[in-house]
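In: build me a model from this:
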Amino acid sequence: METFTPHVPDVVLDDLRQRLGRTRWSVGVPDVGWSRGVPTDQLRELVERWRTGYDWRRTERRLAAVPQLRTIVDGQRLHVLHARSPEPGALPLVLTHGWPGSVLEYLPLIGPLTDPAAHGGDPADAFHVVVPALPGFGYSTPLTSAGWDHARTARAWLVLMDRLGHPRFGAAGGDTGSVVSPLVGRLAPDRVVGVHVHGNLDIPRPGPADQLTDAERDRLVWAQRRVATDRGYAAIQRTRPHTIGHALADSPAGQLAWILDKLHDWTDPAEPPVGRVGTDDVLDLATLYWVTASAASSANLYFENRVAPERDDAPSTVPTGVALFPTDPMIRSAAERSHNLVHWAEHDRGGDFAALEAPDLLLADLRAFFRPLR
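Out: Numbers count the residues shown, from 1 in each chain. You can find the predicted model right below:
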């Protein structure tokens with residue numbers, strides 16, 4: 001384990017601004033909005049903000065305020081935020097992000113999770129917070145081998161929690177984290193006190209006897225529509241992560257558009273175009289992917305899960321909670337077949353990036369779920 005403080009050389013940021021100023025703009029069909037992808041006018045506006053009004057150093061300072069480590073697990077370098085609580089009885093909690101997310105998503109939650117008393121909460125709800133960057137993402141780079149699918153990542157998280165001195169802990173996460181966190185629980189049910197998930201974009205499979213609510217039927221209709229219009233990125237990343245990686249690693253505007261497209265599709269549809277995700281939060285994500293050149297290696301996760309041996313996961317015995325946000329297609333009966341479901345909360349705002357869109361709701365849900373499991 002080694003301490004680590006991210007710092008991007010000035011020359012890299014200068015090169016980024018120069019490339020943004022030389023963007024060669026595509027010419028698409030006029031007056032079609034977001035129906036065919038990111039509109040040029042909105043991307044132009046964001047690129048100009050990135051070039052002239054955005055400050056990555058501010059984000060570096062926010063990141064540097066959290067203790068960080070890097071270590072090698074199974075041959076792969078991993079970057080991890082490790083914020084200990086001042087409360088002696090705090091519960092360790094490993095939080096897993098997704099794609100195109102990063103550890104930056106959880107920065108707004110680290111203070112309230114580790115020190116609830118300082119943020120108007122109950123000190124009994126304190127956590128020691130562990131936020132690893134997925135292999136191939138951000139500073140968990142470069143990828144040193146193939147094979148980093150969800151299951152291998154879950155095994156690495158167990159090693160990581162051992163090294164950090166956390167024999168007993170909770171696991172939570174969204175998007176990719178909604179798959180990895182339950183796997184951690186299945187691998188070590190004697191160590192994981194509970195699993196909390198949100199943002200699983202997989203389409204649930206209702207059973208023949210399931211009695212769906214009107215809201216669940218609406219979610220399934222939405223999910224099927226998303227399959228028809230929103231799976232192009234996944235098809236590319238599942239089959240040709242290196243090919244798209246070359247394009248994104250050479251064009252910051254392209255990298256931004258690739259991320260912005262998913263933010264538009266997966267954030268709260270009641271607040272277009274990207275829910276309550278702030279402009280600088282969008283640019284934080286794009287900058288982190290750019291300066292770490294992790295477009296191809298992060299996309300590799302999709303390839304690995306396509307070629308990985310099919311898992312026959314038995315229903316989990318670990319207490320599991322689901323926070324359902326407006327873009328989540330999950331239905332309760334399907335979740336109950338796979339998990340030991342003890343907590344189900346439906347929220348009226350937020351989306352796949354709940355830690356940025358509705359941090360207050362996600363924070364309250366995490367506290368409520370883990371409270372009886374400590």
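In: all strands of this protein, in order?
Out: For the chain, the strands defined by DSSP state E cover 2-3, 68-73, 76-83, 91-96, 127-132, 169-174, 192-198, 319-324, 340-346.
In: contact partners for residue 304?
Out: 146-149, 152 (C-beta atoms under 8 Å, 6 or more residues apart in numbering). Every C-beta, even on glycine, is put in place using the N, C-alpha and C of the backbone.
In: list buried residues within the residues you listed.
Out: With burial judged by 16 or more other C-beta atoms under 10 Å, the buried subset of these is 148-149, 152.
In: now the residues you listed as a markdown table including pLDDT and distance to residue 113?
Out: Output for the buried ones among the contacts of residue 304, formatted as a markdown table (pLDDT from 0 to 100; distance: C-beta to C-beta, whole Å):
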| residue | pLDDT | distance to residue 113 |
| --- | --- | --- |
| 148 | 98 | 27 |
| 149 | 98 | 28 |
| 152 | 98 | 27 |
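In: so which of these are in helices?
Out: residue 152 (DSSP state H).
In: what is the nearest of the buried ones among the contacts of residue 304 to residue 246?
Out: Nearest to residue 246 among these: residue 148, at 19.9 Å, using C-beta to C-beta.
In: and the residue lying closest to the closest one once chain neighbours are set aside, what does it touch?
Out: Counting by C-beta to C-beta, 6 or more residues apart in numbering, residue 148 lies nearest to residue 135, which is 4.3 Å off, once chain neighbours are set aside. Residues near residue 135 by C-beta under 8 Å, 6+ apart: 76, 78, 143, 148, 152-153, 156, 297, 301.
In: wait, doesn't residue 114 sit right on residue 127?
Out: Yes: counting by C-beta atoms under 8 Å, residue 114 does reach residue 127; the two are 6.2 Å apart.
In: and these two? Which one has more around it.
Out: Ranked by neighbour count (other C-beta atoms under 10 Å), residue 114 and residue 127 place residue 127 first, with 29 against 21.
In: let me know the pLDDT of the more buried one.
Out: The model reports residue 127 with a pLDDT of 98.
In: who are the contact partners of it?
Out: Going by C-beta under 8 Å, 6+ apart, residue 127 touches 85, 90-93, 113-114, 170, 366, 370.
In: what do you get if the cut-off is 6 Å, keeping everything else the same?
Out: The contact partners of residue 127, taken as C-beta atoms under 6 Å, 6 or more residues apart in numbering, are 90-91, 93, 113.
In: good, we can wrap up now.
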